[in-house]
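Novice: The sequence and its predicted three-dimensional model are supplied below.
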Amino acid sequence: MHQSLTHIAVSLLTAAAACLPAAAADQPRGQKTFGVYGGYSSRNESAIAGINFTYRFTSHFRLAPSADYTFRHHGEDAFDLSLNAHIPFAIAPACRLAIYPIAGIGYSECKWNTSATLQAYAADSKHRLDRFGINAGAGIELMATPTMRLAAEATWRGRKDFSSAIVSLSIGYVF
């Protein structure tokens with residue numbers, strides 16, 4: 001049993017090493033991506049859907065504005081606009097795989113119609129709150145083809161009274 005596990009581990013490490021060349025292949029400056037994403041919001045335990053755009057200023061810095069909608073669940077829904085910075089690092093350039101930290105700012109418009117939330121915010125007759133806040137997280141991306149980017153992200157959105165964790169998957173067109 002121990003010998004089988006050793007063989008599996010050595011095989012996996014060998015396959016991983018084949019994807020790691022000595023020199024990292026950086027993505028070009030000025031690269032743009034437009035895509036869609038979907039995921040899960042912990043705030044109201046609901047699905048989200050959105051669009052995103054990225055612009056790479058250098059090989060290790062890009063800006064990523066996005067807009068998304070959190071679908072109504074438990075009487076709450078939200079619209080969010082974010083401007084995040086990504087700092088991608090190639091972890092397997094031959095396999096076109098990279099990880100990146102996420103940091104940014106955002107604006108959320110949260111709406112609700114549950115009695116508990118209404119009692120907490122009875123002064124707001126429109127049953128909505130606008131909040132500015134920060135975003136922080138991490139992502140992993142795969143350049144599946146020269147024109148298709150796949151990514152998975154986990155982000156925390158810090159908003160007064162409406163903070164949430166977001167987990168999402170995206171697909172984008174690279175140009």
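Specialist: Received the coordinates, thanks. Here the structure is a predicted model, which means the values were calculated and not measured.
Novice: what is residue 47 paired to in the beta sheet?
Specialist: The partner list for residue 47 in beta bridges (DSSP bridges) reads residue 40.
Novice: what residue ranges in this protein score low on pLDDT?
Specialist: Across the chain, the stretches falling below the confidence threshold (pLDDT under 70) are 1-26, 114-126.
Novice: any idea how far residue 62 is from residue 37?
Specialist: From residue 37 over to residue 62 the distance is 16 Å, taken as Cβ to Cβ, to the nearest Å. C-beta coordinates here come from the backbone N, C-alpha and C atoms, glycine included.
Novice: Return the host helix or strand of residue 103 as CSV; C-alpha atoms alone will do.
Specialist: In this structure, residue 103 is located in strand 97-112 according to DSSP states H and E. Only the C-alpha atoms of strand 97-112 are listed here, as CSV (Å, rounded to 0.1, in the frame of the first residue of the first chain):
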residue,chain,number,x,y,z
LEU,A,97,-1.9,28.3,-15.1
ALA,A,98,-1.7,31.3,-12.8
ILE,A,99,-2.9,32.4,-9.3
TYR,A,100,-3.6,35.9,-8.2
PRO,A,101,-4.5,37.9,-5.1
ILE,A,102,-7.5,40.2,-5.4
ALA,A,103,-7.9,43.7,-3.8
GLY,A,104,-10.3,46.4,-4.6
ILE,A,105,-13.2,48.7,-3.8
GLY,A,106,-16.9,48.2,-4.5
TYR,A,107,-20.4,49.6,-4.3
SER,A,108,-23.5,47.5,-3.5
GLU,A,109,-27.2,48.3,-3.5
CYS,A,110,-28.9,45.9,-1.2
LYS,A,111,-32.7,45.4,-1.2
TRP,A,112,-34.8,43.3,1.2
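Novice: and it, what does it pack onto?
Specialist: Packed against strand 97-112, as judged by 3 or more Cβ pairs under 8 Å, 6 or more residues apart in numbering; DSSP states H and E, are the following elements: strand 76-86, strand 89-92, strand 128-145, strand 148-159.
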